[in-house]
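# Below is the sequence, then the predicted model.
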Amino acid sequence: NAGVMQNPRHLVRRRGQEARLRCSPMKGHSHVYWYRQLPEEGLKFMVYLQKENIIDESGMPKERFSAEFPKEGPSILRIQQVVRGDSAAYFCASSPGINYEQYFGPGTRLTVT
Amino acid sequence: GESVGLHLPTLSVQEGDNSIINCAYSNSASDYFIWYKQESGKGPQFIIDIRSNMDKRQGQRVTVLLNKTVKHLSLQIAATQPGDSAVYFCAESPGGSYIPTFGRGTSLIVHP
């Protein structure tokens, strides 16, 4: 049973470009969570999705950031017009239900130059 | 505001010693606590959790202690090994919330 998969593992974008981060949850998991981690800090919650629905996006900036989890395929975190402050590690986690342990992926390290 | 924080940013121990990592929380509504281990370049890995109706829980080589009176959480690692070297985060969730709030982390360095 493969764990949570994220790709790419490393992503370099110039200011103003778009970044697309993908997350494939563990088999049987329909709940996906995205977190952002700055160097030497803990993870900050961004958004919680179930298949085709955004449940909680209270931690996600209102502008430039969007997330989806389609019926088929991975969850996507999309950052438009990236700025240097977007440089961080972005982690995805999945769980089989709302009150279950979350399993984390290896993360995508985004660098904006 | 409410926060979760760790007392020490770095803890160095000798292989074979016991390690204790501490965490303070301030949200009195928190009723679920989790410890995660994060190795360099990897995502957080669940270690152990505890609910507020307990004050101690043991796993394999790890013990979590919860003191609700002073809002303090600790992770004890017995016979620490070099493979335990990582950053350890405590996280808490208030009742009814599915989203853990993470502290900054403590870096555990185990010397052989």
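Received, thanks.
# secondary structure class for residue 32?
I went with chain A, as the question did not name one. strand (DSSP: H, G, I helix; E, B strand; the rest coil).
# With the flanking residues excluded, which residue is spatially nearest to it?
In space, and not counting its chain neighbours, A:Val32 is closest to A:Ser75: 4.5 Å by CB to CB, 6 or more residues apart in numbering or on different chains. (Glycine included, C-beta is placed from N, CA and C.)
# likewise B:Glu15?
B:Glu15 sits nearest to B:Pro112 (CB to CB, 6+ apart), 5.1 Å away.
# what's the closest non-adjacent residue to B:Ala29?
B:Pro94 (3.9 Å).
# how much space between that neighbour and B:Ser26?
As judged by CB to CB, to the nearest Å, B:Pro94 and B:Ser26 stand 11 Å apart.
# Quick check: the residue nearest to B:Glu15 touching B:Pro82?
Yes: counting by CB atoms under 8 Å, B:Pro112 touches B:Pro82, with 5.6 Å between them.
# where along the chain do the strands fall?
Since you didn't name a chain, this refers to chain A. Taking DSSP state E as the criterion, chain A carries its strands at A:5-7, A:10-13, A:19-24, A:31-37, A:43-50, A:53-56, A:65-68, A:75-79, A:88-95, A:103-104, A:108-112.
# switch to chain B, that's the one I care about
According to DSSP E, the strands that chain B contains are B:4-6, B:10-14, B:19-25, B:30-38, B:45-51, B:56-58, B:62-67, B:72-77, B:86-94, B:101-102, B:106-111.
# Adding mean pLDDT, write those strands out as CSV.
Shown next, in CSV, are these (pLDDT from 0 to 100):
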stretch, mean pLDDT
strand B:4-6, 51
strand B:10-14, 94
strand B:19-25, 93
strand B:30-38, 92
strand B:45-51, 93
strand B:56-58, 97
strand B:62-67, 97
strand B:72-77, 96
strand B:86-94, 91
strand B:101-102, 89
strand B:106-111, 94
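# got those as JSON lines, with distance to A:Glu63 columns?
Output for those, formatted as JSON lines (distance: least, CB to CB, whole Å):
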{"stretch": "strand B:4-6", "distance to A:Glu63": "28"}
{"stretch": "strand B:10-14", "distance to A:Glu63": "37"}
{"stretch": "strand B:19-25", "distance to A:Glu63": "31"}
{"stretch": "strand B:30-38", "distance to A:Glu63": "29"}
{"stretch": "strand B:45-51", "distance to A:Glu63": "33"}
{"stretch": "strand B:56-58", "distance to A:Glu63": "42"}
{"stretch": "strand B:62-67", "distance to A:Glu63": "39"}
{"stretch": "strand B:72-77", "distance to A:Glu63": "36"}
{"stretch": "strand B:86-94", "distance to A:Glu63": "28"}
{"stretch": "strand B:101-102", "distance to A:Glu63": "24"}
{"stretch": "strand B:106-111", "distance to A:Glu63": "34"}
